[in-house]
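Colleague: Here is my input, please return the structure:
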Amino acid sequence: MSEQFLHTPIDETTEHNYKAFGVIYKVKHRSAVKYWLWGIVITIFVILFLPWTQNIRAKGNVTTLRQEQRPQELNTIIAGRIEKWYVREGDAVKKGDTLVKLGEVKVDYFDPKLLERTQQQITAKELSIDGYNSKASTAAAQIVALKEAMQLKLNQLDVKIRQQQLKVFSDSTDVIAVKNEFAVTQRQIDAAKVMFDAGAISLVDFERRKVSFQNAQAKLISAENKFLQSRQELITLRIEKNQTVQDYTDKINKADGERYSALSNAASTEADVSKLENVYANYDARNQLYYITAPQDGQVIKARKAGIGEMVKEGDMIVEIVPASIQYAVEMFVEPLDLPLVGIGQKVRFVFDGFPAIVFSGWPQASYGTFGGKVVAVETNVSDNGKFRVLVSEDADDRPWPQQLRMGGGASGIALLKDVFIWYELWRNINGFPPDYYKHDVASKSKDDKKKK
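Modeller: So this is what the prediction gives:
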């Protein structure tokens, strides 16, 4: 019966009565493969003319632009031993908070009254300065008094000298008068002698004239002696004046020397005071260095020294502080081949570690979870890894960076370059060509804005 069924002819009525015939036998069915093929070809052709943003990918880390906002080591300036800890790792501290107290280890600073004793030395030296200044003032007053006394003495001697000069002049006048009188008596005695020899006068007259001549001669000798004595007294007064000037000059010079000696001692003592004040300031500053304080707000990490009584040397690291207020940035490392394509002000998209993102590198507008940035610095020296370091800051015109960022976190950067067609980008990659050279020119953009205004 089955064989009869198989050899039974199938007509159109039978074909319409069974649905399986329409599913299995597609004799009159038209294929849609060519429509799909043309659709795919047209779609690919359209996609080839879609815009594509060329980019450079680079890995980086979260950092900051300012040096004072980076993690900093807190070192001790003086040697000492740890006496007390005021914080522990992970604590948040404010600027000026005490972190650790150090004890002294040098014998020169063991004295607990070191500052007090140094201040006493300074006070004693200052009193010495006052004494030396008083001595100098006394010497200056003595010099003034000596000069006044010398002037008075010289005035007195000048008066005596003037009187003696008048006396010498008077005595010289007397000598001249006596000489005239002696000349007269000389002529008289000569005439009397001639007359006596001739017998014109008597012996008595001759002897009387002879006595007058001898009296005139004695008077002349006396006048000359008086004149010479007056001159000698004048010379003596002048010598006395010179001696007075010399004596007072010696006294003034001696007093002046004592004055300068006192001033020199005062200056030397002032130098000693300055040294002691410097020492006092150093002692005071050293006492303040026993307490190590936080230089800024932040978090305490990496305590290198532990326990009580542990010794530290000058410059040893005590702890490390991460600043609380940080202006984050990202440091990227770009290949030397891509360095000419990176410029100041260029746009960069970031994907930070720990933050989910959907990235379409060629269509940054369609990406989700990325953050914008701008290039602020490009180092001209190659780093140890053979790449160039680029610093990127937050883009103020884009969405703000997350507050959960931490120093040292990873970041994947996409530096946006020129917009091209997809077919050109495919052709460039197939041929191994680099991206088009495109430099973001901030100066020209600002000039264009000014022209528009």
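
Colleague: ok so R187 is a strand residue?
Modeller: No: counting by DSSP: H, G, I helix; E, B strand; the rest coil, R187 is not found in a strand; it is helix.

Colleague: ok, longest strand in the protein?
Modeller: Criterion DSSP state E: the longest strand present in the chain is strand 51-64.

Colleague: With just CA atoms, put it into PDB.
Modeller: Extracted in PDB, the C-alpha atoms of strand 51-64 (Å, rounded to 0.1, in the frame of the first residue of the first chain):
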ATOM      1  CA  PRO A  51      34.000  60.200  10.500                       C
ATOM      2  CA  TRP A  52      36.700  58.600  12.600                       C
ATOM      3  CA  THR A  53      38.800  60.400  15.300                       C
ATOM      4  CA  GLN A  54      42.400  59.400  15.100                       C
ATOM      5  CA  ASN A  55      44.000  58.900  18.500                       C
ATOM      6  CA  ILE A  56      47.000  57.800  20.400                       C
ATOM      7  CA  ARG A  57      46.700  55.300  23.300                       C
ATOM      8  CA  ALA A  58      49.000  55.600  26.300                       C
ATOM      9  CA  LYS A  59      49.200  54.200  29.800                       C
ATOM     10  CA  GLY A  60      49.700  56.500  32.800                       C
ATOM     11  CA  ASN A  61      49.300  57.100  36.500                       C
ATOM     12  CA  VAL A  62      47.400  59.600  38.600                       C
ATOM     13  CA  THR A  63      49.700  62.300  40.000                       C
ATOM     14  CA  THR A  64      49.500  66.100  40.600                       C
END
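
Colleague: Neighbouring strands - and their directions - for that strand?
Modeller: Using DSSP bridges, the strands paired with strand 51-64 are strand 328-334 (antiparallel), strand 410-421 (antiparallel).

Colleague: Low-confidence stretches in the stretch 201-350 of the chain?
Modeller: By pLDDT under 70, the stretch 201-350 of the chain has no low-scoring segment.

Colleague: what about whichever strand or helix holds G39, average pLDDT?
Modeller: G39 belongs to helix 33-48 when assigned by DSSP states H and E. Per-residue pLDDT values over helix 33-48 give a mean of 79.

Colleague: and it, how far out from the chain's middle?
Modeller: Distance of helix 33-48 from the chain centroid (C-alpha atoms, centre = their mean, to the nearest Å) equals 73 Å.

Colleague: What is it packed up against?
Modeller: helix 422-431 (3 or more C-beta pairs under 8 Å, 6 or more residues apart in numbering; DSSP states H and E). In short, each C-beta sits where N, CA and C put it, glycine included.

Colleague: Which other helices and strands does the host helix or strand of N282 contact?
Modeller: Element membership of N282 [criterion: DSSP H and E] is helix 203-288. Helices and strands touching helix 203-288, by 3+ C-beta pairs under 8 Å, 6+ apart, are helix 114-198.

Colleague: Report the angle between the helix it packs on and helix 203-288.
Modeller: Interaxial angle, helix 114-198 versus helix 203-288 (axes from the mean of the first three to the mean of the last three C-alpha atoms, to 10 degrees): 170 degrees.

Colleague: pLDDT on helix 114-198, on average?
Modeller: For helix 114-198, the per-residue pLDDT averages 88.

Colleague: and that helix, what does it pack onto?
Modeller: Judged by 3+ C-beta pairs under 8 Å, 6+ apart, the packing partners of helix 114-198 are helix 203-288.

Colleague: ok so, going back, flag every buried residue along the helix holding G39.
Modeller: By neighbour count on 16 or more other C-beta atoms under 10 Å, the buried set for helix 33-48 is empty.

Colleague: cool, stretch 245-263 as well?
Modeller: Quick answer for stretch 245-263 (16+ other C-beta under 10 Å): 248, 251-252, 255, 258-259, 262-263.

Colleague: now stretch 166-179
Modeller: 167-168, 171-172, 174-175, 178-179.

Colleague: And for stretch 200-219?
Modeller: Buried positions in stretch 200-219, judged by neighbour count with 16+ other C-beta under 10 Å: 201, 206, 209-210, 212-213, 216-217, 219.

Colleague: ok, back up a step: nearest to G345, of the buried residues of stretch 245-263?
Modeller: The shortest approach to G345 among the buried residues of stretch 245-263 belongs to L263, at 67.8 Å (C-beta to C-beta).

Colleague: pLDDT at F5, what is it?
Modeller: Confidence score, pLDDT, at F5: 42.

Colleague: can you start the count at 33 instead of 1 from here on
Modeller: Okay, using 33 as the starting number, the last item reads as F37.

Colleague: do you know how far the spatially most central residue of the chain is from S357?
Modeller: The chain has E100 as the residue nearest its centroid, 18.1 Å off, counting by C-alpha atoms, centre = their mean. Look at E100 and S357: by C-beta to C-beta, to the nearest Å, they are 10 Å apart.

Colleague: V207 now?
Modeller: Taking C-beta to C-beta, one finds V207 at 112 Å from S357.

Colleague: before we move on, the earlier item: show me which of the buried residues of stretch 232-251 is closest to G445.
Modeller: Of the buried residues of stretch 232-251, the one sitting nearest to G445 (C-beta to C-beta) turns out to be K251, at 134.6 Å.

Colleague: What residues does that closest one make contact with?
Modeller: Contacts for K251 (C-beta atoms under 8 Å, 6 or more residues apart in numbering) come out as 210, 213-214.
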